[in-house]
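Enquirer: Here is a sequence with its predicted model. Questions after.
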2 protein chains.
Amino acid sequence: MDIKAVDRYIEDNLETSISELSELLSQPSVAAQNVGIEECAEMVASKLKARGFDVRIMPTGGSPVVFGERKGRSDKTLIAYDHYDVQPPEPLDLWDSPAFEPSVRDGRLYARGAADNKGNFIERLYAIDAILAAEGELPCNVKFIVEGEEEIGSVHLEPFIRENQELLSGDVCVWEIGGVDHEGVPIQQVGLRGICYVELRSKTANQDIHSGLGGSIFPNAAWRLVWALATLKDKDENILLPGFYEDVIPPTAREKELLAQQPDMNEYYQEKFDLSGFLKGIKDPLALAIEGVYEPTCTICGLTSGYQGEGSKTVLPAEARAKVDFRLVPNQTPEKVLAQLRTHLDSHGFKDIEIIDLGGNPPAKTDPDHPAVKLAVKAAEDVYEKPTRVIPMIGGSGPNFMFQKYLGVPIISSGAGDAESRAHAPNESISLDLYVKGAKHFARILMLMGQD
Amino acid sequence: MDIKAVDRYIEDNLETSISELSELLSQPSVAAQNVGIEECAEMVASKLKARGFDVRIMPTGGSPVVFGERKGRSDKTLIAYDHYDVQPPEPLDLWDSPAFEPSVRDGRLYARGAADNKGNFIERLYAIDAILAAEGELPCNVKFIVEGEEEIGSVHLEPFIRENQELLSGDVCVWEIGGVDHEGVPIQQVGLRGICYVELRSKTANQDIHSGLGGSIFPNAAWRLVWALATLKDKDENILLPGFYEDVIPPTAREKELLAQQPDMNEYYQEKFDLSGFLKGIKDPLALAIEGVYEPTCTICGLTSGYQGEGSKTVLPAEARAKVDFRLVPNQTPEKVLAQLRTHLDSHGFKDIEIIDLGGNPPAKTDPDHPAVKLAVKAAEDVYEKPTRVIPMIGGSGPNFMFQKYLGVPIISSGAGDAESRAHAPNESISLDLYVKGAKHFARILMLMGQD
């Protein structure tokens, strides 16, 4: 493969690719709010078709999966896993430019989904365009699995993959995320924590009531919720669900060795996020790295009850809700955590607190020394000009376990993300320079797959 | 005074008065959100001027006070205390008709402020119109003090009253609220609990962060707030601030005797609000009545943090806020409670939780056997055709202590409120029938003041 011609095409066509990406980013597709899903799936399908892929928009019971397949020279098959749904854009007032109006400033493209993960999807098509322009064919078979519910826990993906194992089968899966760390060093992220996401609801009356009337005699939904939440985790970060830590297994020696090669994130995080310090007073870089990904969590992601505007309103809230996510480490499962949560609330006198299951995944990881990981590392060599760091596990979550369980594929990473990407937060963005590098990296992965 | 002519005028002019009230209700005037305050003060002033009052819009440093005075036959002076500000209309989606578009349905007028307290203000003008039409003059002097910050704790009223004692002086003060209880029995409410309203704020980072990244290592504002709140009050409703109960004095024997004459509210409250029961398992009617007003409270009025929309968003919130009101009983003061709250949070490891003081009042009460209370009871006799219940203290709060401290006046009540009024909640309303009765009652109070 003439990699120089591929690189030249990529360098010469950035504007065209960013313009195509901007079109996709302008289409809201918030799975949590069921906004723009069908329209975005159609757009993704048409983009794959334009590259000669056989495309199907496949129903799942929720957002459809867009599946696209194109044969290549070798009989090896690369699977690209992406998602066209994005996180909700709220809080809107913290965006410097509107979330769904892509805007380029100082070499970065800002929009919801720019980093997570529409940018990586279009970047992969950009690499494919370059290869097709230079070679006329792909070096290996490529299958795209582009789902529309990643940001809400991939709630319908598991049966879809289980039931379509033959159609979806392949040799290696490139995960939706990838890029460089805050030092600009390329990374291979080969494991993901699991997740169990719930909403806890308290309802104590049929309407909000004047707090002067009911304050000392009526139950208060906000108090019920606060008391219930306070029993879930103590101030020392111990999660108090019965048996919560039972299935936790610590990182292997090899995983610790890899984590020890990571940069010290202490000062970086403190400055970037203006933190007063880390939980449990952790300062040692390796301890911070281990704690950050091998420790399960119980995070309050949101609270809502009663009056939330300016100034005062003397009201006794009838309802209160909390969004809570548990990040899970090997070998925890969301099913078990859900059951533990119900048992815990019941035994602490909170049978009245309703649990809404908003989806989950168990954790999963690829062997950091797998040949596919080595291939992805090799593909990065002359693109980033720095040796890749292999990260055995990251703090985030995703449906990687399904790909490993049903398709038996190792998982590698490639993409345009960096430490400034603000995935899930206002002002999400990607660097245009890293977007170009990511396309070159993906092109090389295809090339090496073809030679394999 | 020809009371029959007065009554006839009132009966014949309901539509005109409701139309005038609707105009006032259509003008939003939310002090908490600083919406429409000046416009509403102007409207109130013009309505008093139209009745021949000498009117001044007096600055206070916050919302202005509208003061109006008109001389009458006798040298006695009745003070009417009202407020033109209203509670925020949120949550908007629970209103059957828009909060600031008054709507009459089934004999009730719905709008924010209909009951609390624009309705009572216009009702009093309606009575004055009737007296002026029948008699050509007022039986006694009348002074209106109409403030614009009652719903945010009357934050600028105390210095205003202290500095204008001579201007504002009088013999009796008719409070902003009044009407009938849920059995249609007229009530005289002569005491109010105090209040200390605060916002508690936690801030742990400069931006919301992906919960996968920070969940196990970064501080979480929502958790900090939940843990801090949980230390303020235990599940058995004990408020845990140091010395909180020190100044609490129990009701007198006479106050208990009056409370024992109140109807049993147990079933009524449970059905109206669909409650599962009362706090502390209270069932006895007198115990419920005493607990409801002679017990200080710590009420969470609102919670806000992180993602609050539909479905899931995996975010670690940078900020969290709670609105909390403490209802105070004799002899607690808001100043002391604020100090206790700071001490408590500091000593429980929550120096990071900021306290925003959103205003307060100490509790105050008029002797239930004061001659002014007897006058108000007498004025109600032939209007409601049921004996009045004198309620020594209610659960709500207001600036009555200022009137007692600086003007030395007893406080009585009159108005159109009833058990369906939903003050502070969506679908606030008044009964048109009780609006007519309230006007007749107010006219009789003026008449008896003139004879006194």
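Expert: Alright, I've got the coordinates.
Enquirer: how is chain A carved up into domains?
Expert: Following automatic domain parsing, one finds the domains of chain A at A:3-190+A:366-451, A:193-248+A:296-361, A:249-273+A:282-289.
Enquirer: Throw those domains into JSON lines and include mean neighbour count, thanks.
Expert: C-beta here means a position set from N, CA and C on the backbone, and glycine is covered the same way. Conversion of the domains of chain A to JSON lines gives the following (neighbours: other C-beta atoms under 10 Å in any protein chain shown):
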{"stretch": "domain A:3-190+A:366-451", "mean neighbour count": "21"}
{"stretch": "domain A:193-248+A:296-361", "mean neighbour count": "22"}
{"stretch": "domain A:249-273+A:282-289", "mean neighbour count": "15"}
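Enquirer: Provide a list of residues in contact with the nearest residue to residue A:141 once chain neighbours are set aside.
Expert: Using C-beta to C-beta, 6 or more residues apart in numbering or on different chains and skipping residues adjacent in sequence, the residue nearest residue A:141 is residue A:77, 4.1 Å away. Residue A:77 makes contact with A:140, A:141, A:142, A:143, A:169, A:170, A:171 under the criterion C-beta atoms under 8 Å, 6 or more residues apart in numbering or on different chains.
Enquirer: How about residue A:376?
Expert: By C-beta under 8 Å, 6+ apart, the residues touching residue A:376 are A:174, A:188, A:388, A:412, A:413, A:414, A:445.
Enquirer: Just say helix, strand or coil for it.
Expert: Assigned state for residue A:376: helix (three-state reduction, DSSP: H, G, I helix; E, B strand; the rest coil).
Enquirer: Report pLDDT for it.
Expert: At residue A:376 the predicted local distance difference test score is 98.
Enquirer: Please apply the same query to residue A:312.
Expert: At residue A:312 the predicted local confidence, pLDDT, stands at 87.
Enquirer: quick one: average pLDDT of the helix or strand containing residue A:223?
Expert: When secondary structure is defined by DSSP states H and E, residue A:223 falls within helix A:221-230. Mean pLDDT, computed over helix A:221-230, is 98.
Enquirer: Quick check, the residue in the stretch 51-200 of chain A closest to chain B?
Expert: For the stretch 51-200 of chain A, the residue closest to chain B is residue A:197, as judged by C-beta to the nearest C-beta, at 4.5 Å.
Enquirer: Unless I misread the structure, that residue falls within a strand.
Expert: Yes - checked against three-state DSSP, residue A:197 lies within a strand.
Enquirer: partner residues bridging it?
Expert: Each beta-bridge partner of residue A:197 is listed here, defined by DSSP bridges: residue A:325.
Enquirer: Enumerate every residue touching it.
Expert: By C-beta under 8 Å, 6+ apart, the contact list for residue A:197 reads A:153, A:301, A:323, A:324, A:325, A:326, A:357, A:358, A:359, A:360, B:312, B:314.
Enquirer: can you tell me which residues contact the closest residue to residue A:289 other than its chain neighbours?
Expert: Distances taken as C-beta to C-beta, 6+ apart place residue A:259 nearest to residue A:289, at 4.4 Å, with adjacent residues excluded. With contacts defined as C-beta under 8 Å, 6+ apart, residue A:259 is in contact with A:251, A:286, A:289, A:290, A:293, A:391, A:392.
Enquirer: Looking at those, which one is closest to residue A:236?
Expert: Proximity of those to residue A:236 was ranked by C-beta to C-beta; the top entry is residue A:290 with 17.4 Å.
Enquirer: Number of residues surrounding the closest one?
Expert: Neighbours of residue A:290 under the rule other C-beta atoms under 10 Å in any protein chain shown: 21.
Enquirer: correct me, but it touches residue A:251?
Expert: Yes - with contacts counted by C-beta atoms under 8 Å, residue A:290 reaches residue A:251, the gap being 6.3 Å.
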